[in-house]
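> got a predicted structure plus its sequence, pasted below:
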Amino acid sequence: MPSTVLPAAPTRGALRPLGLDEVDITGGFWARRRHINETVGLRHCRDWMERSGWTGNFRAAAEGRVQQDRQGREFADSEIYKLLEATAWQSASGSAPDVDVTALVGAVAAAQEPDGYLNTAFGRPGQQPRYSDLEWGHELYCYGHLIQAGVAEARARGGSGGELAEVARRAADHICATFGRGGIERVCGHPLIETALVELARLTGEERYLAQAALFVDRRGHGTLADGEFGRVYHQDDLPVREARALRGHAVRALYLAAGAVDVAVETGDEELLAAVVRQWEAGVARRTYVTGGMGSHHRDESFGDDFVLPPDRAYSETCAGVASVLLSWRLLLATGEPRFADLAERTLFNVVATSPAEHGRAFFYANTLHRRHRSAVPAPDTVSPGADPGLRAPWFAVSCCPTNVARTLAQLPAHLATADDHGIQLHQYADARIATSLTPGHAVALRIRTDYPADGTVVVRVDRSPSDRPWTVSLRVPAWTAGATSWLVEPDGTRRTVVPGTAEVTRVFRPGDEIRLELPVRPRWIGADPRVDAVRGAVAVQRGPRVYCAESVDLPDGLDVDAIRVDPAVDPRDGPDPAGDTVVVDGRLAMYDPRSTAYDARRDEPWPYRPLDAPTAPPGSDRAEITLVPYHSWANRGPSTMRVWLPADDR
């Protein structure tokens, strides 16, 4: 019987997702991150939303005092819903997060109006009327997170809905009555409702929710929203989804819309719509994505830039865009079965999602720069950060969409590791894990995965349970980052063969105790960019397995900043002394005249910063050096620092 504990549960597609009751992450990198999320992160979010007054908004609405007492931005309701979703998925993994869910759900339910409307920022005396600001009001966006939380609650309970699921369903009925044909024929400025309605349709079997989601997708791009400061492209209201050629506009909005369009396409069998999203994804990945997997190069409007406009020091790469990218890639993987979508999800998980939270789980990055030129002041632990300073993680933000988004992503992460079909199991992300499912009725299988990935590239898959009378297939993704190096697959009978990026398969009648061994070439490698990425021309980066590395000033001598670094790409990068792969060493030099980030010394400046190409480039005082790099996701955990991912190549 297929699992019902699924963050995304398409009724058709190339692959069947496995639920949180079928996959358990038991150790390693992601187990540690999920433990911090469960024991620290969820409570941290709950406490900050309480002290900021966001949870109190629901009580104020129910008691008729919301006009004078409401706190937070117009979309603050959505953060409570994301927290509730995260706790539902975490509890489905057998955990008991330290969050009083019953009280939160009760407050939300009490604020819902008789016709299903639920929002604390609009619609009551003294507030703007309902749906009077679809461009910026986020009412439908908030409903999206409410519905996703309700679906999570129902699925975590095994398919039986509780109070939150009932609240979500009443809200969805209100949406269909208000925005259906003949109603308000417009869309929300921030997509998300589309995916939520499809998931509710999958849960309940009610076709009207799917039909409403399809309406929202088809209405997008027809100018139903007012033009504004950033143009219609900001809201993806400039072109219909089927006509767009690339991901564009506000990055989070674009990615959520694309995910919703995939959901609609899959459930309706609309191959044209699915192909349109794949086309947009391909262009976005090829031309508008950072080496970390981050998306969004504009600070002013949090948007995608033009093709190949990827400046590392101006990278916005919002954490929420990373989360949305993972959700989109997951849906495309399920729909098509193509491993390239898992490749991007892996890169984004390790280098964006994992980068946002501090190691202690009580501070977060909102934006994820690839080059930090100045040290930031340490945020006070009890102060809300007013903006998205990418220099140090802050405990909370005036707009704190990212902490709760990370929380719900980590809570549901086991469901992203593997899939199944009638013929076998497919492994897409690697972690110590247990998998137990049935391929078809009566054909139960169980796997045990042992690995120290990504520190080490060896993945051992042990078969613990298998039908005795039929062959089946274990498929393993061979990551795209292995291109140009040799990967090996060892079958249970000892047969050893090379495998190339894509998918490696072993088909046989498995016996309990059989093992498959995948050996991936995890070692430091230089990475170069397409020459059309002008901002990093003449620079290189280091990648080890799926993780991108960076230089951080705390590892440099004499208080130098990272702008002093010049590396020698003629010498291969190599592992540092840490056996876990937490450091990489490269050869280069340190320009000792380099100005500090806090004060430039004009006496050390050249009179003109440009030079003939035949002029010497090595300034007096440069020293040859071994330069230590650390995983990008770990930067800024050791106090204020400067940092860079792309390192200028020594051109002496």
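Structure's in. What do you need? Residues are numbered from 1 along each chain as shown.
> does the residue nearest to residue 354 when sequence neighbours are not counted belong to a helix, a strand or coil?
In space, and not counting its chain neighbours, residue 354 is closest to residue 633: 4.3 Å by CB to CB, 6 or more residues apart in numbering. Glycine gets a C-beta too; all of them are placed from N, C-alpha and C. Under DSSP: H, G, I helix; E, B strand; the rest coil, residue 633 falls in the helix class.
> contacts only, for residue 633.
Going by CB atoms under 8 Å, 6 or more residues apart in numbering, residue 633 touches 350, 351, 354, 355, 547.
> helix/strand/coil for the fourth one?
Same thing as residue 355. Per three-state DSSP, residue 355 ends up coil.
> quick one: contacts for it?
Residue 355 neighbours (CB under 8 Å, 6+ apart): 292, 319, 365, 368, 632, 633, 635.
> the strands in the stretch 451-600 of the chain, which residues?
Taking DSSP state E, counting those that start in this stretch as the test, the strands found in the stretch 451-600 of the chain are 458-465, 472-478, 487-490, 496-499, 502-508, 515-519, 524-527, 539-544, 547-552, 565-567, 574-575, 584-591.
> out of those, which one sits most buried?
Stretch with highest mean neighbour count among the strands of the stretch 451-600 of the chain: strand 547-552 (a mean of 27; mean count of other CB atoms under 10 Å).
> pLDDT on that strand, on average?
Mean per-residue pLDDT for strand 547-552: 98.
> C-alpha coordinates for it, PDB please?
Taking Å, rounded to 0.1, in the frame of the first residue of the first chain, the C-alpha atoms of strand 547-552 are listed here in PDB:
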ATOM      1  CA  ARG A 547      29.800  21.000  -1.800                       C
ATOM      2  CA  VAL A 548      31.200  24.300  -2.900                       C
ATOM      3  CA  TYR A 549      34.100  25.700  -0.900                       C
ATOM      4  CA  CYS A 550      35.100  29.200   0.100                       C
ATOM      5  CA  ALA A 551      38.000  31.200   1.600                       C
ATOM      6  CA  GLU A 552      37.300  32.900   4.900                       C
END
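> low-confidence ranges, the stretch 1-150 of the chain, go.
For the stretch 1-150 of the chain, the stretches with pLDDT under 70 are 1-2.
> returning to what we had before: what's the most distant pair in the contacts of residue 355?
Largest separation among those by CB to CB: 319 and 635, giving 14.3 Å.
> need the helix or strand of this protein with the lowest average pLDDT.
strand 622-631 (a mean of 88; mean pLDDT, DSSP states H and E).
> so what strands line up beside that strand?
Strand pairing for strand 622-631, determined by DSSP bridges: strand 547-552 (antiparallel), strand 584-591 (antiparallel).
> between strand 539-544 and the longest one, find me the angle.
Using axes from the mean of the first three to the mean of the last three CA atoms, to 10 degrees, the interaxial angle of strand 584-591 with respect to strand 539-544 works out to 160 degrees.
> again, but for the first one
Here strand 547-552 runs at 120 degrees with respect to strand 539-544, directions being taken by the same axes, to 10 degrees.
> chain center to strand 547-552, what's the gap?
19 Å (CA atoms, centre = their mean, to the nearest Å).
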